[in-house]
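> from the sequence below, what's the structure:
(chains A and B)
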Number of protein chains: 2
Amino acid sequence: MALQDALDALSALLGERLSRSKPDLEAHGRSESHFAMTPPDAVAWPETTREVQEIVRLCARHGVPVVGWGAGTSLEGHALAARGGVSVDFTRMNRVLDVRPEDMDVTVQPGLTRRALEEELRATGLFFPVDPGADASIGGMAATRASGTTTVRYGSMRDNVLALEVVLADGRVIRTGSRARKSAAGYDLTALMLGSEGTLGLITELTLRLHGRPEAVAAGVAAFPGIGGAVDCVIETIQMGLPMARIEFVDAASAAAFNAYAGTDLPERPHLLVELHGSETAVAEQAELFGALVAEHGGDAFEWSTREEERRHLWRMRHNGYYAIMAAHPGARALVTDICVPISRLAEAVEQTQADIAASGMPGPILGHVGDGNFHATLIVRPDHAGDLDTAKGLAHRMAERALRLGGTVTGEHGVGMGKTGYMAEEHGEGWAVMGAIKAALDPQGILNPGKLVPGN
Amino acid sequence: MALQDALDALSALLGERLSRSKPDLEAHGRSESHFAMTPPDAVAWPETTREVQEIVRLCARHGVPVVGWGAGTSLEGHALAARGGVSVDFTRMNRVLDVRPEDMDVTVQPGLTRRALEEELRATGLFFPVDPGADASIGGMAATRASGTTTVRYGSMRDNVLALEVVLADGRVIRTGSRARKSAAGYDLTALMLGSEGTLGLITELTLRLHGRPEAVAAGVAAFPGIGGAVDCVIETIQMGLPMARIEFVDAASAAAFNAYAGTDLPERPHLLVELHGSETAVAEQAELFGALVAEHGGDAFEWSTREEERRHLWRMRHNGYYAIMAAHPGARALVTDICVPISRLAEAVEQTQADIAASGMPGPILGHVGDGNFHATLIVRPDHAGDLDTAKGLAHRMAERALRLGGTVTGEHGVGMGKTGYMAEEHGEGWAVMGAIKAALDPQGILNPGKLVPGN
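Model (predicted):
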């Protein structure tokens, strides 16, 4: 049997670093959100690019699926082995290989998590800006083209990955990009791999762009009487060209969840959480301008601080937003939505979504990277209520359709995974067939993360 | 005969907008730099996406090459019909289709030039930042992943194109991306098309990201005693995180050419030309900091101004740099090099290049977008000196090898075209074969800009 032959060969290669134990398979078959347990047939823990190459070659020979695994924090089931096969867990490839402060770049292995990287960079005066809520792996963030709260200023993974090493479906290893800041030398294979969700190759090394820590950082919060004022304030801020480093929306229900989880005392109303980066003078000037915009849009006094402790507290609260919301609903699972629209359509997108959620009776706090036009509703699915998942899927479906109607995308940053494939044809039209043609050219056997992202896969 | 059949059908479709006249063919067979006359078999001037689609379908049916033509300003012969066929000239598709100030984006046709776009945007308070020296077409800039003097702050075409409409090799039309500021919905086909140089499709519509005009703009010049001090000053400026909107290097020979062409009186020494964008306060603060860095690196007093007339004069001088250099050598052609290296290797790259040029005895002024690590030598090839082209090619070859040795790229922004295909294998290794596989999947007949960019094409 092909699978058994492949696993025997992998065992010979990896020894105890290949597992078929039930706990290991289940740990790699579980998702952070609502997807059903989908265990792989085996879990492999490679330690080198060479081993990844060997794993892929062996699986290719036997036609066995290969699915990358980073930190398991995906919300769309990307790393679940939809057609079985081998889960390639990168947690043992988690080193920082080279920090080059003079070039403001760093080369890392894919299993490193973003918080571990932050820790490694602490002494350099540099930072890596992309910050999804979870402590995701850098490889997973690249594979899903992740973004976060600072994307409005520093860009997403698309903008902050300079070069990759990738193992292809036939075991060849390629290097895409270089450490030069730009290049016009042929097809942008780095960009093609970012967001390909493990369907075109397994990322085994990444060179990331770093940024200098700003001289001064100010962070603050403003409460608004309603959602419209908050969103309009964001739109005007962006249009004025105020260089916000972060500008996040939190609705009343999310504020309540934060209070319960983090012991804060936010009024239970819509908020904007913002951060400004620059010189002392620039930051103070921008904070004053932003405060004026808040007042114009009916918000409370904008309170801000440059004290590090207060800032850390604020952003820890925001990054734990998903966990805070889940903690308010013990035992529940979540369906987390993720639409992104042109900023001029943001207010209507949020308002229509909120009205639809309210009408459903389902809890669905809204959080968003509103400077990018991107927001999430965390729809709460109770374990013992059979109708909840369908209700949540209906709400999510209407959000996705709304995003497309407003000229946006069904996923701003969470990716396609198991959850969004059904929208690809509508979002991309013939472009989806082009994705399929590229997939077929680079992985004709279809062994890389099958069942995801491309047509008929 | 297949070609004649295709041209008959195209004539029936386009009437007088298909030409086989010698002047038209020669106008589309000429390059701005040193490449030999390479006329197409016919020139077509479509007016709609539908017509582009019909042209491509007819050419596909008869196996006739199709090569896009924008403003003819390429320095690498991208738009030359290396295997004959039809030159598709986009000058009649040059409209601004929709400006949306509230979303800070604009949708344009590919034949629009960057200066025409600048003119159209003048009243909006917004601008499109990507500014190669020439008045290139936006479609050509996208196809070559162009950048310019503001890339250090605002990014290249890679960062400023949100969405495309593309006619594929079989005549299908796809739309890539959307007006949402980010998306994680599948392969990044927009990024794949940017820099594909007409080998994967013809771009028929583009949605571009715009930026708010800064409240204040300061521009200035500093002269340095030597090249090392100037380059080190750039490196430290970038590392300090000073948000330069432009930071350009001009060597002594270029300064002399500017003086002769534009009537300026720059000392004939290396210079940095810089621009700062921000609030009045921020710009003044940054200019002061930059001035201190200039002094530290042995430069003269940094003179700057926020007066629009002075700034315009400065940047017109810089953008005309290529023409100024050529004007100093009447009748000559140029081979313009274009390497980009990690910033820590920039000083040695420039110094070694300058020494090599000096040893050759050939004029080769150096200009560079040094904030990105990218610079150009304009090598002067006299028409009546048989050895000049070989000398220039030797210098260019050593620059390309130097770039790769220093971890960079053989083309920062000019693209591959006819001139750089020979370096693709060395720069990309197996990645070049991957580019070939993508090309074969999307254009199996090889009718789109054949003879360029990919292996065996």
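> check what pLDDT the residue positioned nearest the centre of chain A gets.
In chain A, the centroid-proximal residue (CA atoms, centre = their mean) is A:Ala146; its distance is 3.8 Å. pLDDT for A:Ala146: 97.
> likewise A:Ala301?
At A:Ala301, pLDDT is 89.
> now do the phi/psi pair for it.
Backbone torsions of A:Ala301, given as degrees, to the nearest 10, read phi -50, psi 130.
> that one: how many residues sit nearby?
The tally of other residues near A:Ala301 (other CB atoms under 10 Å in any protein chain shown) stands at 11. Heads up, the C-betas are built off the backbone N, CA and C, glycines and all.
> which parts of the stretch 301-450 of chain A are helices?
A:308-319, A:321-327, A:346-360, A:388-405, A:421-428, A:430-442 (DSSP state H, counting those that start in this stretch).
> the longest one packs against which elements?
By that I understand helix A:388-405. On a contact count with 3 or more CB pairs under 8 Å, 6 or more residues apart in numbering or on different chains; DSSP states H and E, helix A:388-405 meets strand A:333-336, strand A:339-340, helix A:346-360, strand A:374-381, helix A:421-428.
> which positions in the stretch 351-457 of chain A make contact with chain B?
A:372-374, A:403, A:407-416, A:420, A:423-424, A:427-432, A:434-435, A:437-438, A:440-442, A:453-454 (CB under 8 Å from any CB of the partner chain).
> ok so, going back, nearest to A:Ser74 among the helices of the stretch 301-450 of chain A would be which one?
The closest of those to A:Ser74 is helix A:321-327. By CB to CB, the value is 12.4 Å.
> and A:Ala284, that's in a strand?
No: secondary structure of A:Ala284 (DSSP: H, G, I helix; E, B strand; the rest coil): helix, not part of a strand.
> and it, how far from A:Pro132?
30 Å (CB to CB, to the nearest Å).
> which of the two has more neighbours?
Comparing A:Ala284 with A:Pro132 by other CB under 10 Å, the one with more neighbours is A:Pro132, at 24 against 17.
> correct me, but that one touches A:Thr150?
No: contact criterion CB atoms under 8 Å: A:Pro132 and A:Thr150 do not qualify, at 10.7 Å.
> what secondary structure does the residue nearest to the centre of chain A sit in?
The three-state assignment at A:Ala146 reads coil, by three-state DSSP.
> before we move on, what about the one 3 residues further on?
Under three-state DSSP, A:Thr149 falls in the coil class.
> disregarding flanking residues, what is the spatial nearest neighbour of it?
In this structure, A:Thr149 finds its nearest non-sequential neighbour in A:Arg246, 4.6 Å apart by CB to CB, 6 or more residues apart in numbering or on different chains.
> assumed the one you found was part of a strand.
Yes: the assignment for A:Arg246 (three-state DSSP) places it in a strand.
> spit out the contact partners of it.
Each residue near A:Arg246 by CB atoms under 8 Å, 6 or more residues apart in numbering or on different chains is listed here: A:149-150, A:152-153, A:219, A:273-275, A:315, A:371.
> residues from the stretch 1-150 of chain A in reach of chain B?
Counting by CB under 8 Å from any CB, the stretch 1-150 of chain A sits next to chain B at A:100-105, A:144-147.
> thanks a lot, catch you later.
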